[in-house]
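1. can't give you the sequence, but here's the structure:
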Ligand code: GLC
């Protein structure tokens, strides 16, 4: 591991969904000024950096991941002035701010697409992926959209199909066109010039598609209920040749602004493939985000083997990252309920590398059930896996609308907000929130410790972190039965942290006992 650390190696990246964080102007939608008001909280918690979900003008067909203008702020979130103020406030607190950058597709209401679809001779026609129909009028190939149906949408005006990997209001850009590349790199420069500290890059493995648009083969392992696009193997739609050169150029653009601007990319790929995104001779991403934990079943065996495989593959010049939940996956409260949420927190913050934490997990926010016919999320409306439940507003206190807004919020507040909120939990020394706060500190203090997997003993996962004179064991009990790890009589240790926050400094010899659903950090003596 390198000597001097970059800021993104020094602590936790905290993901904020701007519309759900704090509403400062009473319209039921969170905004930039609201976030500014809560920077004290993020600093108190110990966040090193904040990642903002898309804040650009958008018709919001997909939570703003359908961008109309890459160089502006959505009016409901505020203005460029509000943004500059937020950024200055973040920097004054010695924190960093990164933006979500969405290069794979724009909104169909982006001026580029409006021009592109206006006629076949448009100078921007080739900025998107247009294709003739087959002789019988059917779409050019069998590719399936993430939100269901064909990726091809017929445009009766110009008698061609255009490609959309996601919603038909999200046409994919043609990244093989050098003008598209230049225009998109300029949107990066726009924000880097303003002082942002980097980007989380959306859907990066999808950037290029097969030049011949060949059919994807069917997936023999597909099971009913999984995402509709997973019926096919993404041979010709993900991780295509040429994508690495483009990402290396993104990296050079970031480096025009020094060596401290972060590029973190969203990649839904196998561990082996993710590693290539650190770059070869030409560097690419600083953090190809490790999404593996977000779909690994919650048990010691599978989590332990996932972390072992991942760490085994990270190249010596690469820096690991970890992520348990995002705005696209189930809340931890649904996936590892009750006290297992505490075990999940301890897992995420005790691994070597950079953890990415999703807002609200620190107070145990639950997914609010929202029926598909009331879903705002297009995935929820069309293919059933509704992402609205994990996007509901932050619960600040016991006041009306959980202190998020004085107005009815854009998504409902969870019923348990009277207990699951920041005000109540910050006053309780043994709350989940106070556990997280201690873990944020622990994470910062142990960044350089290598990890050694000690054992997976039934539901007990044990690993060791060592650095200079420090030597600690992390024990995670994935079951509600007590567990015990035996050592020999010479073993002495003391508890640094229990997920129940009630065993600090307890001394132990020869064996370590854990209660059901407990996680422990012990220091060897
Ligand atoms: C990413 C985002 C997701 C969005 C999709 C399309 O996967 O995380 O929320 O729907 O890209 O932009």
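-> Here it is on my side, so go on. Please read all numbers here as calculations on a predicted model, not as lab measurements.
2. ok, now how distant is the residue lying closest to residue 8 once chain neighbours are set aside from residue 431?
-> Leaving out its chain neighbours, the residue that sits closest to residue 8 by Cβ to Cβ, 6 or more residues apart in numbering is residue 262, at 4.6 Å. For every residue, glycine as well, the C-beta is placed using N, CA and C. Distance from residue 262 to residue 431, counting by Cβ to Cβ, to the nearest Å: 31 Å.
3. quick revisit: number of nearby residues for the residue nearest to residue 8?
-> For residue 262, the count of nearby residues is 23 (other Cβ atoms under 10 Å).
4. Equivalent analysis for the one 4 residues further on, please.
-> Applying the criterion other Cβ under 10 Å, we find 19 residues in the vicinity of residue 266.
5. now do residue 321
-> With other Cβ under 10 Å as criterion, residue 321 counts 24.
6. do residue 45 as well
-> 19.
7. same deal with residue 455?
-> Residue 455 has 14 nearby residues by other Cβ under 10 Å.
8. Surely it and residue 462 touch.
-> Yes: look at residue 455 against residue 462 with Cβ atoms under 8 Å: they come within range, at 4.9 Å.
9. which residues do the two both contact?
-> Residues touching both residue 455 and residue 462 (Cβ atoms under 8 Å, 6 or more residues apart in numbering) are residue 485.
10. Relative to residue 10, how far out is the residue nearest to residue 8?
-> Residue 262 is 12 Å from residue 10, by Cβ to Cβ.
11. next one: residue 146
-> In terms of Cβ to Cβ, residue 146 sits 34 Å off from residue 10.
12. Between the two, tell me which one has more neighbours.
-> Taking neighbours as other Cβ under 10 Å, residue 146 and residue 10 compare with residue 146 leading, 22 against 14.
13. Next, give phi and psi for the more buried one.
-> phi -60, psi -30 (degrees, to the nearest 10).
14. so who does it touch?
-> 165, 166, 227, 228, 229, 379.
15. List just the nearest of these to the ligand.
-> Relative to the ligand, the closest of these is residue 166; by Cβ to the nearest ligand atom it sits at 4.5 Å.
16. Excluding its own residues, what touches stretch 496-504? List them.
-> Counting by Cβ under 8 Å, 6+ apart, 339, 342-343, 345-346, 429-430, 434-435, 438-439, 442, 472, 495, 515, 517-523 sit against stretch 496-504.
17. ok, and for stretch 243-250, which residues are buried?
-> Judged by neighbour count using 16 or more other Cβ atoms under 10 Å, the buried positions of stretch 243-250 are 243, 244, 246, 247, 248, 250.
18. pLDDT of the helix or strand where the third one lies, averaged?
-> When elements are defined using DSSP states H and E, residue 246 is found to belong to helix 243-255. Here helix 243-255 scores 98 as its mean pLDDT.
19. ok, then the element right after that helix?
-> strand 262-265.
20. can you list the residues that contact whichever helix or strand comes after that following strand?
-> Sequence-wise, the next helix or strand downstream of strand 262-265 (DSSP H and E) is helix 271-275. Contact with helix 271-275 is made by 205, 239, 267, 288, 290, 292, 309, 310, 313, 314, 315, 318, as judged by Cβ under 8 Å, 6+ apart.
21. Pull out the buried residues from the residues you listed.
-> 205, 239, 267, 288, 290, 292, 310, 313, 314, 318.
22. Distance check, the closest residue to residue 179 other than its chain neighbours against residue 118.
-> Spatial nearest neighbour of residue 179, chain neighbours left out: residue 127 (6.9 Å); criterion: Cβ to Cβ, 6+ apart. To residue 118, residue 127 is 12 Å away according to Cβ to Cβ.
23. can you check residue 248 too?
-> Residue 248 is 34 Å from residue 118, by Cβ to Cβ.
24. Assumed residue 512 was part of a strand.
-> Yes: judged by DSSP: H, G, I helix; E, B strand; the rest coil, residue 512 forms part of a strand.
25. count of neighbours near the residue of the stretch 301-450 of the chain at minimum distance from the ligand?
-> Closest to the ligand within the stretch 301-450 of the chain is residue 328: 4.8 Å, counting by Cβ to the nearest ligand atom. The tally of other residues near residue 328 (other Cβ under 10 Å) stands at 17.
26. I'd say it and residue 387 touch.
-> Yes: with contact defined as Cβ under 8 Å, residue 328 and residue 387 form a contacting pair (5.8 Å).
27. Phi and psi next, for residue 484.
-> Dihedral angles for residue 484 - degrees, to the nearest 10 - are phi -140, psi 140.
28. what number of residues lie near residue 198?
-> Considering only other Cβ under 10 Å, residue 198 is surrounded by 27 other residues.
29. That one: what's it in contact with?
-> 8, 96, 98, 99, 254, 261, 262, 263, 264, 286.
30. neighbours around the last one, how many?
-> Here the number of neighbours of residue 286 (other Cβ under 10 Å) works out to 24.
31. any idea how far it lies from residue 413?
-> With Cβ to Cβ as the criterion, residue 286 and residue 413 are 36 Å apart.
32. Kindly report the same for the fifth one.
-> As defined by Cβ to Cβ, residue 254 lies at a distance of 38 Å from residue 413.
33. that's a strand at residue 123, yeah?
-> No: Residue 123 is assigned coil when assessed by three-state DSSP, not a strand.
34. wait, doesn't it sit right on residue 180?
-> No: assessed by Cβ under 8 Å, residue 123 is found out of contact with residue 180, at 11.9 Å.
35. who's more crowded, the two?
-> Set residue 123 next to residue 180 and count neighbours by other Cβ under 10 Å: residue 180 wins out with 19 against 9.
36. that older thread, would you agree the residue nearest to residue 179 is in contact with residue 116?
-> Yes: using Cβ under 8 Å, residue 127 makes contact with residue 116 at a distance of 5.3 Å.
37. Beta-bridge partners for the nearest residue in space to residue 130 that is not next to it in sequence, please?
-> Using Cβ to Cβ, 6+ apart and skipping residues adjacent in sequence, the residue nearest residue 130 is residue 160, 4.6 Å away. Here residue 160 shows beta-bridge partners residue 155, assigned using DSSP bridges.
38. ok, residue 160 to the ligand distance?
-> 23 Å (Cβ to the nearest ligand atom, to the nearest Å).
39. ditto for residue 21
-> In terms of Cβ to the nearest ligand atom, residue 21 sits 16 Å off from the ligand.
40. so what's that residue up against?
-> 30, 34, 35, 38, 359, 393, 394 are the contacts of residue 21 under Cβ under 8 Å, 6+ apart.
41. Among those, which one is most surrounded by other residues?
-> Result: residue 393 is most packed of the contacts of residue 21 (other Cβ under 10 Å), 30 neighbours.
42. what's the nearest residue to the residue nearest the centre of the chain if we skip its chain neighbours?
-> Nearest residue to the geometric centre of the chain (Cα atoms, centre = their mean): residue 326, 4.6 Å. Nearest residue to residue 326, sequence neighbours excluded (Cβ to Cβ, 6+ apart): residue 358, at 5.5 Å.
43. who in the stretch 251-400 of the chain is up against the ligand?
-> Within the stretch 251-400 of the chain, the residues that sit near the ligand (Cβ under 6 Å from any ligand atom) are 266, 327, 328.
44. ok now do the last one, which residues does it touch?
-> Taking Cβ under 8 Å, 6+ apart as the criterion, residue 328 is in contact with 294, 387, 390.
45. do the same with the first one
-> Residues touching residue 266, when contacts are defined by Cβ under 8 Å, 6+ apart, comprise 200, 201, 202, 203, 204, 205, 289, 291.
46. The fifth one against residue 268, yeah?
-> Okay, so that is residue 204. No: using Cβ under 8 Å, residue 204 is not in contact with residue 268; the gap is 9.4 Å.
47. Neighbour count for those two, which is higher?
-> Higher neighbour count among residue 204 and residue 268: residue 204, with 28 against 20, using other Cβ under 10 Å.
48. Backbone torsions only: list them for that one.
-> Residue torsions, per degrees, to the nearest 10, at residue 204 are phi -70, psi -30.
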